[in-house]
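Participant: missing the sequence, but the structure's below:
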């Protein structure tokens, strides 16, 4: 199944045809959840759409959501500009929050959660890593040591469960599975036709 989100709505394509989903406008980003739901970050708040029931849960308090991700348990994590990580487990109707010091959404470039670890890449080249701990329906975050991957992050992306960073010197850096930054290429030299 392919989901497409635009400012005018969301469509679901199943290989045979597309179906427009009513009520999901102003979409900035879509993320799938293992439960079959999707997270739609919109201009009007965060929406969770359940394709089995065709119902939308509105979380308008996240009016300008910075980042929304989901883990393998179906827990949704939301980061906004107030130093909090919000979470909603599959069993919860609403979101709870965890206060995280020095967490400002305008300083974040990328967020990923997998294998029980929440990773936040900041503009100043720091990766903050948190163990996600579940206990009696409550989620806690235990911060690990930070990782420096460059001076200023211009762009960050994921491919095949690895995080890649392009810094202000146009170096492509991979965060290895052991959390060690690995230099991949000097993009300045590649783009100018010079060898790396």
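Facilitator: Structure's in. What do you need? Because the structure is a prediction, the values reported are computed rather than measured. Numbering: from 1, shown residues only.

Participant: In contact with the closest residue to residue 81 other than its chain neighbours: list those residues for me.
Facilitator: Take residue 81 and drop its neighbours on the chain: the residue closest to it by CB to CB, 6 or more residues apart in numbering is residue 105, 4.0 Å away. Yep, even glycine has a C-beta here, placed from its N, CA and C like the rest. For residue 105, the set of contacting residues under the criterion of CB atoms under 8 Å, 6 or more residues apart in numbering consists of 66-67, 79-81.

Participant: Show the buried residues in the residues you listed.
Facilitator: The neighbour-count test (16 or more other CB atoms under 10 Å) applied to the contacts of residue 105 identifies 66-67, 79-80 as buried.

Participant: Check which residues of stretch 92-102 are buried.
Facilitator: So, applying 16+ other CB under 10 Å, buried residues of stretch 92-102: 95, 98, 100.

Participant: quick one, helices of this structure?
Facilitator: According to DSSP state H, the chain carries its helices in the segments 187-192.

Participant: what comes up buried for the helix-or-strand element of it with minimal mean pLDDT?
Facilitator: Lowest mean confidence among the helices and strands of the chain (mean pLDDT, DSSP states H and E): strand 2-6, at a mean of 83. Under the neighbour-count criterion of 16+ other CB under 10 Å, strand 2-6 has 3, 5 buried.

Participant: next one: stretch 114-128
Facilitator: Going through stretch 114-128 with 16+ other CB under 10 Å, the ones that come out buried are 118-123, 125-128.

Participant: again with stretch 139-159
Facilitator: Neighbour-count burial for stretch 139-159, counted by 16+ other CB under 10 Å, picks out 139, 141, 147, 149-150, 153, 156.

Participant: Can you pull out the low-pLDDT segments for this protein?
Facilitator: Counting by pLDDT under 70, the ranges of the chain that qualify are 64-65, 194-196.
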